[in-house]
Structure formats: C-alpha cells, structure tokens
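Q: here is the input, now give the coordinates:
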Amino acid sequence: MGELADKIVGAIKDKEVYALPNERPDIETEVSHTFEIHTLCPVTKNPQEGSTLTITYVPKATVLDVIGLDAYLKRYRGGFEEDGEVVVREMEHLVQRVAEDCARWIGVEVETVAECVLQPKQTQRIVCRVKP
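A: Residues are numbered from 1 along each chain as shown. Sure thing, here's the model as predicted:
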C-alpha cells in the first residue's frame, strides 16, 4: 500500500476518517457518495441486496476522503461487534450516526438518505440532515 493508504487504514483502526482539503472552496459544489448497504439485522437479514446509502454535502474547506469513507461504512455489518465492526441493527440509527460522523469530520451540514429493500416485500426511505 502507498503512504496515504497506510495512513487511512491506520485512521480507520482509530475510528477516524480523513477529510481532504477542498482545492476550490470558492466554487459551490455539491458532493454525493452512494454506497451499498450491507445486511444489519442477523435475524431478518434486512436490509436486502440493492439497498443504498447516499451522503450529500456542500463542502467548504474539506471533503470526505473516499477510501476512508468506504472503509468506515464497511465496519457496519450484520449487527455484530467484532474486529472493529459497529453494532447497528436499526436503519434509522445507521443513517443518523453516519450523518453525525460525517458532519463532524468536515464541519458542514450533511444529508444521508437510505433507500432500503426489506423483507417482506417492502421498501423504506430514511432521510437525515445533521449540522456540525
């Protein structure tokens, strides 16, 4: 791994995500990251495949680091705490926690939207907005 990747992996182990400098904070830019959500509940196996979480914000001085953000979100798996994974079984909690963490890391309002496929034959949409 390269030096930056090594730093990011080390930061993830310390439960941090790096924010990178925004090279053009003078230009208003909206940034959205969309990730697949993995199963959180070991009983119902919800959310199902095809569920996504989108993180949207208008950066000022910093932007979220894509590598660190991906590693951070992969910690949320299956409702078990093991090897740094985070115990979260409710979708609402996941959406709220990710919004809070991201807003804290980059110092701007963050919106998170989960589009979930659930059993039995349901969909769920959760929207959360958090200011730092």
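
Q: quick check: next helix or strand after the longest helix seen in the chain?
A: In the chain, ranked by residue count with DSSP state H as the criterion, the top helix is helix 91-106. Going down the chain from helix 91-106, the next helix or strand is strand 110-118, by DSSP states H and E.

Q: just list what the next helix-or-strand element following that next one packs against, helices and strands only.
A: Counting by DSSP H and E, the next helix or strand C-terminal to strand 110-118 is strand 122-130. Counting contacts by 3 or more Cβ pairs under 8 Å, 6 or more residues apart in numbering; DSSP states H and E, strand 122-130 is packed against helix 91-106, strand 110-118. Using the backbone N, CA and C atoms, a C-beta is placed for each residue, glycine as well.

Q: what's the closest of these to Pro21?
A: Of all those, helix 91-106 sits nearest to Pro21, with 10.9 Å by Cβ to Cβ.

Q: please state the mean pLDDT value computed over that closest one.
A: Averaging pLDDT along helix 91-106 gives 92.
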